[in-house]
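Colleague: Below is the sequence, then the predicted model.
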Amino acid sequence: MLKATLRSFLAHKGRLLLSALAVVLSVAFVSGSLIFSDTLSRTFDRLFASTAPDVTVSPREGLDEAVPSGMTATVPAALADRVARVDGVAAARADAEIENITVVDDKNESVSPTTGAPTIGTDWNPDERSPVELTSGHAPREPTEAMLDSETADRKDVRIGDTLTVIAPPGSFKVEVVGIATFTTTNPGAALLFLDPQTAQTKLLGDARAATSISVDAEEGVSDAQLKQRVAAALGAGTYEYRTADEQAESDVEQLGGFLDIIKYVMLGFAGIAVLVGVFLIVNTFSMLIAQRTRELGLLRALGADRRQVRRSVLTEATLLGLVGSTVGLATGIGLAAGLISLMNTLGMNIKSSEMVIGWGTPVAAYVVGVGVTFVAAYLPARRAAGVSPMAALADAEIAGIGRPLTVRAIVGGVVGAMGAAALVGCVVATETGSAASLLVLGIVLTLFATVVAGPLLVRPVIRVLGGAFPALFGSIGRMSQRNALRNPRRTGATAAALMVGLALVGGMSVASASMTKSFDQQIDKTLGADFVVQNGNFLPFPQEVTDEVEDTKGVGLVVRSRFTPVAVRLPDGDRVETSAAGYDPELDEVANITYAEGNTAAALADGGLAMSADFARDHGVRVGSRIPVEFQGGRTTELTVGALADQASEGFGMQGGLYFGLATLEKFAPGGQDSAVYVNAASGTSADDLRANLERTLDPYPQVQVRDLADYKELVHDQIAVLLYLVYALLGLAIVIAVLGVVNTLALSVVERTREIGLLRAIGLARRQLRRMIRLESVVIAVFGAVLGLALGLVWGVCTQQVLALQGMDALAIPWYTILAVVVGSAVVGVVAALLPALRASRMNVLAAIAHE
């Protein structure tokens, strides 16, 4: 049996090729994502471990800044002298480093990275742990001198002697580039600007007596843990944060972890789609191969092979397919990881391919996915093969079962579908976002499973409608193509299911994204009343001088500032909620249209006042007049009186509760922040176009700041939603690729199965062109069938998703009919493309050899 299995596998290797491609894609994305993320993690672990001082003294960790406030936490620079006197300390120095600066060249163009990586301004204090070394020019010694990293200098064509403008929180200042520093280790993609220590403290922090941290080096023989204990004892255990080199490196890695996780999970999402769609392809392939080998299997049974041996033979073939696909997929994944590393290098992150990390878990995961998927997918066909008697097999009965009852599928699909529908209905009527989202996920999983199981039951009624015009348009060729698609509902349903999964996903996300876009548009139209909004391009705060320049611009009538700060509120129900709150100038009503369930803007922005979302207040027992303890960054606390409850939901984006108060309150308890946005109205007699031109001229020296009107704001929101949609489309593209492989495989095996039938048709006068058309039409109707099922399912999912979003205030429903129509047309094109090779092969068959085929 082993010899027979191996020979069968080698004999059918061409037919298994496309199934192997599905396994290869699945394993490639799994292994590629693991290798890439492991390489990045190892690279940054090594970078942070090699550059971290023995002990770091930094400000105590405060509230999480979900929305940047622009405040820089500092410690007294004089701590360095105190720490230097601690027993076991070899050296201590005050560091000044911030990440929210913008560096501009003499053409008013930013030299900051365009990849989202920060521009770091820091002091030049070289030691053996420094990640860079001076390679050209000299170190900065004067307040007007600076040094730039070599990669930023090369990328932006900055040379020694050039003048740069540094836009920092305390204000902007000009420097001359006097030196170039080159990375000796991995460059994380950031731009580095070095100043002399005194200038860094004064110009970056605004206080010559402040530092962002104290770096401490241990004397020989003193461990980091011992030094940490001594420094903490000298300065006070609860006064500052104390970290050893390992702890500091771990903290730095954690801050970067979100970025690494996003890349990893996106790629694993691609792998999941490839696995899910590949299962349908593999199941279909093995079902058809077993059907075509009925006589071969029957002979094996007649010669003494029992059911277990036949089942084991088929599963062995699947395992071999999985091993081959996993091996090729692992190699492809290594290439994919190398390609991603090269891509990151082009974006400014210097990672060496020679340092690629392939941990033991990667090949294990690759083979578990590859072999596991093929084994599971082939199990049912193997059971079916083992369940046929020798006599039935010798009679050449097609065990794929044309005409076999679909009763079990009807019952299972109906029950699971009813459960899924109930979950989706529960999602629609739920009033809590968490429970609604859970029911939505459950409903999606159950309805997808039910549609896959019951799909063959829908083949005959749906395809009769979709192909109803074929006889009239294409005559007997159209009639035969329709009947070919109908002859085996199981096969047609399984083939279409692969395409259905991808299109259901894109349909649901298209409805959700269109609804989000429409909801945001309505919300912007409803609430934004300012002529223009001045904001940083990446939504980070900007220096006070930008606001001052806006206020002094010709034609400006009213300026309302917006600023954020992290807070923690203690609510009447006992909950402590950490979130971000906004502060506004008193004229907020002039630039925003806010509706209130109770109270008004004046009460909310009054000294000691506070506003919050009405829904949030109801959930926590808050009423107008409630006194709410509020903790600000740095440990300052106060009690604020709730003066207003706003109607609109302000959840998400770190703004849980929709809290806001007057800017005077914010500046009193959280000084040192920066404006996040400035709302501007034109003065009387100044047109919007004139004001925009004036503002853009004023803000030309600040390339990080943008002027937006209502239309620009909508476009910004559309672009952000589009990023999510593009990811979904990429997943769809992968699903379509594998689905096309499935349709090609099904048609190719179907051509082999119908060899004699094709020969007879050719013998009685069917032309090659007509044969190719028949196979193309069959492919088109199968693809459109999958598209119809997928889009119908996706529309239901999308509408239910919108109902969940409505609980967060996004209550507009939009269905992108043009996208849906384009998908249907595209699926027909997919069908035509998938049929090209099988149709060409069928048309080239020798007629006599086909008729004589067994």
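Modeller: Here it is on my side, so go on.

Colleague: quick one, phi/psi of residue 147?
Modeller: phi -130, psi 140 (degrees, to the nearest 10).

Colleague: wouldn't it be in contact with residue 194 here?
Modeller: Yes - look at residue 147 against residue 194 with Cβ atoms under 8 Å: they come within range, at 4.1 Å. Heads up, the C-betas are built off the backbone N, CA and C, glycines and all.

Colleague: what sits in contact with each of those two?
Modeller: Taking Cβ atoms under 8 Å, 6 or more residues apart in numbering as the contact rule, residue 147 and residue 194 both touch 124, 139, 140, 179, 181.

Colleague: And the closest residue to residue 73 other than its chain neighbours, what's its pLDDT?
Modeller: Excluding its sequence neighbours, the residue lying closest to residue 73 (Cβ to Cβ, 6 or more residues apart in numbering) is residue 59, at 3.9 Å. Here the pLDDT value assigned to residue 59 is 90.

Colleague: And for residue 258?
Modeller: Reported pLDDT for residue 258: 60.

Colleague: for the stretch 701-850 of the chain, what are the low-confidence residue spans?
Modeller: Across the stretch 701-850 of the chain, the ranges flagged by pLDDT under 70 are 731-732, 850.

Colleague: where along it do the strands fall?
Modeller: 705-708 (DSSP state E, counting those that start in this stretch).

Colleague: Where is the longest strand in the chain?
Modeller: strand 556-570 (DSSP state E).

Colleague: Please identify the buried residues of that one?
Modeller: 556, 558-569 (16 or more other Cβ atoms under 10 Å).

Colleague: Pick out the most distant pair among the residues you listed.
Modeller: Using Cβ to Cβ, the pair of these lying farthest apart is 556 and 568, separated by 36.2 Å.

Colleague: just to revisit the earlier point, just give me the closest of the buried residues of strand 556-570 to residue 365.
Modeller: residue 566 (38.6 Å).

Colleague: Verify the stated contact: that closest one with residue 70.
Modeller: No - judged on Cβ under 8 Å, residue 566 makes no contact with residue 70 at a distance of 11.6 Å.

Colleague: still on that earlier bit, now do the contacts for the residue nearest to residue 73.
Modeller: Residue 59 sits in contact with 73, 74, 75, 212, 213, 240, 241, where contact means Cβ under 8 Å, 6+ apart.

Colleague: export these to TSV and tack on pLDDT?
Modeller: Converted to TSV, those look like this (pLDDT from 0 to 100):
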residue	pLDDT
73	86
74	89
75	91
212	92
213	92
240	89
241	90
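
Colleague: Buried ones among these?
Modeller: Of the contacts of residue 59, these count as buried by 16+ other Cβ under 10 Å: 73, 74, 75, 212, 213, 240, 241.

Colleague: Where do the strands of the stretch 51-200 of the chain begin and end?
Modeller: Counting by DSSP E, counting those that start in this stretch, the strands of the stretch 51-200 of the chain are 55-58, 75-76, 89-95, 97-98, 102-104, 119-123, 132-137, 145-149, 163-168, 171-183, 191-195.

Colleague: how about JSON lines for these, with distance to residue 275 added?
Modeller: Converted to JSON lines, these look like this (distance: least, Cβ to Cβ, whole Å):
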{"stretch": "strand 55-58", "distance to residue 275": "44"}
{"stretch": "strand 75-76", "distance to residue 275": "51"}
{"stretch": "strand 89-95", "distance to residue 275": "48"}
{"stretch": "strand 97-98", "distance to residue 275": "44"}
{"stretch": "strand 102-104", "distance to residue 275": "44"}
{"stretch": "strand 119-123", "distance to residue 275": "41"}
{"stretch": "strand 132-137", "distance to residue 275": "43"}
{"stretch": "strand 145-149", "distance to residue 275": "42"}
{"stretch": "strand 163-168", "distance to residue 275": "48"}
{"stretch": "strand 171-183", "distance to residue 275": "39"}
{"stretch": "strand 191-195", "distance to residue 275": "40"}
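
Colleague: closest to residue 515 out of the ones you listed?
Modeller: strand 102-104 (35.9 Å).

Colleague: Are there helices or strands packed against that closest one, and which ones?
Modeller: strand 163-168 (3 or more Cβ pairs under 8 Å, 6 or more residues apart in numbering; DSSP states H and E).

Colleague: quick one: which of the contacts of residue 59 is nearest to residue 806?
Modeller: Out of the contacts of residue 59, the member with the shortest distance to residue 806 (by Cβ to Cβ) is residue 73, at 39.0 Å.

Colleague: List the contacts of the closest one.
Modeller: 58, 59, 62, 212, 633, 634.

Colleague: farthest-separated two in the shared contacts of residue 147 and residue 194?
Modeller: Farthest pair in the shared contacts of residue 147 and residue 194, by Cβ to Cβ: 140 and 181, 10.4 Å.

Colleague: Now do the phi/psi pair for residue 582.
Modeller: Residue torsions, per degrees, to the nearest 10, at residue 582 are phi -110, psi 150.

Colleague: Kindly report the same for residue 73.
Modeller: phi -80, psi 140.

Colleague: now the contacts of residue 73 in TSV, with distance to residue 670?
Modeller: Shown next, in TSV, are the contacts of residue 73 (distance: Cβ to Cβ, whole Å):
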residue	distance to residue 670
58	19
59	14
62	10
212	18
633	6
634	7
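
Colleague: Going along the chain from the lowest-mean-pLDDT helix or strand in the chain, find the next helix or strand for me.
Modeller: For the chain, using mean pLDDT, DSSP states H and E, the weakest element among its helices and strands is helix 390-394, scoring a mean of 57. Proceeding N to C from helix 390-394, the next assigned helix or strand is helix 407-429, under DSSP states H and E.

Colleague: all strands for the stretch 351-500 of the chain, in order.
Modeller: According to DSSP E, counting those that start in this stretch, the stretch 351-500 of the chain contains no strands.

Colleague: How about the stretch 551-700 of the chain?
Modeller: Counting by DSSP E, counting those that start in this stretch, the strands of the stretch 551-700 of the chain are 556-570, 576-584, 596-599, 609-613, 627-632, 637-646, 660-662, 677-682.

Colleague: Distance to residue 424 and mean pLDDT added to those, as CSV?
Modeller: Below are those laid out as CSV (distance: least, Cβ to Cβ, whole Å; pLDDT from 0 to 100):
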stretch, distance to residue 424, mean pLDDT
strand 556-570, 35, 93
strand 576-584, 31, 91
strand 596-599, 30, 90
strand 609-613, 27, 92
strand 627-632, 38, 93
strand 637-646, 31, 93
strand 660-662, 36, 93
strand 677-682, 39, 93
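
Colleague: Nearest to residue 328 among these would be which one?
Modeller: Closest approach to residue 328 among the strands of the stretch 551-700 of the chain (Cβ to Cβ): strand 576-584, 48.7 Å.
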